[in-house]
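> Have a look at this fold, sequence not included:
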């Protein structure tokens, strides 16, 4: 694995150019596939997704003692 930043950035630019050159119909198919993955990860509407969401941290607020 290479950590050459210039190579990484050029690879990202090349990949973006490759995606931009694809036909719109193919891009829409890719978008549909991404939506399906997102739904599979997040869960369908009405299902519990508690495994993906954390509750707020329990804050302990100390009250000032009145004199």
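The structure has been received and is ready for your questions. What you are looking at is a predicted structure, and each value in this text was computed from that prediction instead of being measured.

> Pull up the gap between residue 33 and residue 17, please.
The gap separating residue 33 from residue 17 is 21 Å, by CB to CB, to the nearest Å. Backbone N, C-alpha and C define where each C-beta goes, glycine included.

> next one: residue 5
Taken as CB to CB, the span from residue 5 to residue 17 is 19 Å.

> With residue 43 instead?
From residue 43 to residue 17 the distance is 35 Å (CB to CB).

> ranges for the helices of the protein?
For the chain, applying DSSP state H gives helices covering 5-20, 24-42.

> now for the longest one, which elements pack on it?
Here helix 24-42 is seen to pack against no other helix or strand when contacts are counted using 3 or more CB pairs under 8 Å, 6 or more residues apart in numbering; DSSP states H and E.

> and it with helix 5-20, angle?
Here the directions of helix 24-42 and helix 5-20 differ by 110 degrees (axes from the mean of the first three to the mean of the last three CA atoms, to 10 degrees).

> Now do helix 24-42, average pLDDT.
Helix 24-42 comes out with an average pLDDT of 92.

> Check which residues of that helix are buried.
Buried residues in helix 24-42, counted by 16 or more other CB atoms under 10 Å: none are found.

> repeat for the first one
Within helix 5-20, no residue is scored as buried using 16+ other CB under 10 Å.

> Please name every helix or strand in contact with that helix.
The contact analysis (3+ CB pairs under 8 Å, 6+ apart) places helix 5-20 against no helix or strand.

> could you give the mean pLDDT of it?
Averaged over helix 5-20, pLDDT sits at 96.

> Now distance to residue 59 too, for the helices of the chain, in a markdown table please.
As requested, the helices of the chain are exported to a markdown table (distance: least, CB to CB, whole Å):
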| stretch | distance to residue 59 |
| --- | --- |
| helix 5-20 | 40 |
| helix 24-42 | 28 |
